[in-house]
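[1] Below are the sequence and a predicted model; questions follow.
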Amino acid sequence: MKKLVSFFGDQSDVFVKLNQEAEEYAKTKDIEFVWKPQLPFDEEDVISQLQNADAGLIDVQPYGEPIFSRMGDRCKLLIRFGVGFDAVDLKAASAHGIAITRTTGANKTSVAEMAMTQILALRRQLFLNRRVMESGVWEKNIAYEMVGKKVGILGFGNIGVCLAKRLSGFECEILAYDPYPNLKAAEELGVRFTDMDEIFRTCDAISVHLPYLPSTHHIINKERFDMMKENAVIVCTARGNIIDEDDLYDALKSGRIGGAGLDVFAQEPLPTDSRLFELENCILTPHVSSQTYESLWNIYKKAIDIMDAFYKGEPLGRGDLVNPDYVH
Ligand SMILES: NC(=O)c1ccc[n+]([C@@H]2O[C@H](COP(=O)([O-])OP(=O)(O)OC[C@H]3O[C@@H](n4cnc5c(N)ncnc54)[C@H](O)[C@@H]3O)[C@@H](O)[C@H]2O)c1
């Protein structure tokens, strides 16, 4: 029986239940599922667990040479709990013959729903309205509907496509930017591909679903905010550091743009003295876009399926294996 050790989650009831369910599901694939939550992250414990397992289900902490060089020969597979693999040193993993995979698509609905929620909350100024009421003022801000508005999706992958499906019910015009355009999905959903400039200049709402790469570091900055319409909003559920937070702060503080929703930050946890907390036109959530029961369960199930397929030598899903050169 192969062994999968999971480092994800905390001791809350929901994770206890999910891990019990994962253990049961793993048995049906002849896999022993062991849960070793890392709170706080203990690198020595992770290394010793991986020495005695065939695969690891890992969170967002950095995984690189210090772990790979000491985890022994048994574990040939690390599965990222989620999608972003920017904290994993792929070159080092390949050098040690370790496959890095991710659970592509398993959390797409959850993240797309969060992006949709943030766009609507910003457009209807939910948080500002509450603060105004609390201050004793009964004032009715005039907002705008979504119908007929332009929404730009940066990164038309699993989550971007899922967001477009949800937006289509709001009768918006949807634009997308992606260097590897999925033309079939775009045609089905009536999405038009264009460049970043058109999206920033013309859209009423922009949602960021790009991977974090050296080429996307601070790709959204002052130059882009200066292009935006005055009451346009931007939301980012992808990764911190895709947006330059200092430039975003200035654009929001000065009223240059209408609002922003951030679920991800350059530094996580976001320091409590962050200037972003001052802003009334900025929604902040602690990297919880994929934290729904359904999404978490989909990830556990997909991770177990990936491990099963990997050790049977079967092909993995499109985009799941992120360092195909791990085989020497
Ligand atoms: N907040 C959260 O909890 C959470 C959860 C899941 C995913 N994410 C993040 O959301 C993002 C998107 O996830 P996904 O599942 O849709 O991934 P995906 O791989 O399915 O889609 C990413 C898309 O970006 C495109 N892309 C690649 N390089 C690009 C570039 N340089 N410029 C523009 N587009 C580029 C790809 O062609 C692809 O279509 C990732 O950054 C991931 O880390 C965040």
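    Received it, and whenever you're ready, just let me know what you need. Numbering: from 1, shown residues only.
[2] switch to C-alpha atoms for all contacts and neighbour counts from now on
    Noted.
[3] What's the local residue count around the residue of the stretch 1-150 of the chain found nearest the ligand?
    Here the stretch 1-150 of the chain gets closest to the ligand at one residue, G84, 3.3 Å apart by C-alpha to the nearest ligand atom. When neighbours are defined as other C-alpha atoms under 10 Å, G84 has 18 of them.
[4] who touches it in this structure?
    R102, P211, Y212 (C-alpha atoms under 8 Å, 6 or more residues apart in numbering).
[5] Return the subset of these lying in strands.
    Assigned to strands by DSSP state E, the following of the contacts of G84 qualify: R102.
[6] Most neighbours among the contacts of G84, which one?
    In terms of neighbours by other C-alpha under 10 Å, the contacts of G84 top out with R102 at 25 neighbours.
[7] mind listing what L248 touches?
    L248 sits in contact with N221, K222, F225, where contact means C-alpha under 8 Å, 6+ apart.
[8] Please report the distance of the second one from the ligand.
    What it means is K222. Here K222 is placed at a distance of 18 Å from the ligand (C-alpha to the nearest ligand atom, to the nearest Å).
[9] Please apply the same query to the first one.
    Using C-alpha to the nearest ligand atom, one gets 15 Å for the distance from N221 to the ligand.
[10] give me every residue that touches that residue.
    Taking C-alpha under 8 Å, 6+ apart, one finds I243, D244, D247, L248 in contact with N221.
[11] so which strand or helix has the third one?
    Element membership of D247 [criterion: DSSP states H and E] is helix 245-253.
[12] Would you mind naming what in the stretch 151-300 of the chain lies close to the ligand?
    155-160, 178-180, 209-212, 215-216, 237-239, 263-264, 287-290 (C-alpha under 6 Å from any ligand atom).
[13] hmm, 8 Å instead?
    When proximity is defined by C-alpha under 8 Å from any ligand atom, the stretch 151-300 of the chain lies next to the ligand at 154-161, 177-182, 208-213, 215-216, 236-239, 263-264, 287-291.
[14] For ChimeraX, write the selection for the buried entries among those residues.
    Here is the ChimeraX command that picks out the buried ones among those, judged by 16 or more other C-alpha atoms under 10 Å:
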select :154,155,156,157,158,159,160,161,177,178,208,209,210,211,212,236,237,238,239,263,264,287,289,290
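[15] Among the residues of the stretch 151-300 of the chain next to the ligand, which lie within strands?
    Secondary structure from DSSP E places L154, Y177, V208, C236 of these in strands.
[16] Widest-spaced pair of those?
    Farthest-apart pair in these is Y177 and C236; separation 14.6 Å (C-alpha to C-alpha).
[17] middle-most residue in the protein, spatially?
    To find the centre residue of the chain, average its C-alpha atoms and take the closest one (C-alpha atoms, centre = their mean): that gives A238, at 4.4 Å.
[18] So for that one, what's the pLDDT?
    As predicted, A238 sits at a pLDDT of 97.
[19] so which of the contacts of N221 would you say is closest to the ligand?
    When these are compared for distance to the ligand, the smallest value, 11.8 Å, is given by I243; criterion: C-alpha to the nearest ligand atom.
[20] for the closest one, phi and psi?
    Summarising the backbone geometry of I243 under the convention degrees, to the nearest 10, its torsions are phi -100, psi 140.
[21] same question, I234
    Phi and psi for I234, reported as degrees, to the nearest 10, are phi -130, psi 140.
[22] Could I get the contacting residues of it?
    Shown in contact with I234 (C-alpha under 8 Å, 6+ apart): I119, A205, I206, S207, V208, G259, A260, G261.
[23] the helices in the stretch 1-150 of the chain, which residues?
    13-27, 43-51, 65-68, 90-95, 108-123, 126-134 (DSSP state H, counting those that start in this stretch).
[24] got the ones you listed as CSV, with mean neighbour count and distance to the ligand columns?
    Rendered in CSV, the data for these read as follows (neighbours: other C-alpha atoms under 10 Å; distance: least, C-alpha to the nearest ligand atom, whole Å):
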stretch, mean neighbour count, distance to the ligand
helix 13-27, 16, 16
helix 43-51, 17, 22
helix 65-68, 17, 22
helix 90-95, 19, 15
helix 108-123, 22, 6
helix 126-134, 14, 20
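[25] Mean pLDDT for these - can I get that in CSV?
    As requested, those are arranged in CSV below (pLDDT from 0 to 100):
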stretch, mean pLDDT
helix 13-27, 97
helix 43-51, 98
helix 65-68, 98
helix 90-95, 98
helix 108-123, 98
helix 126-134, 93
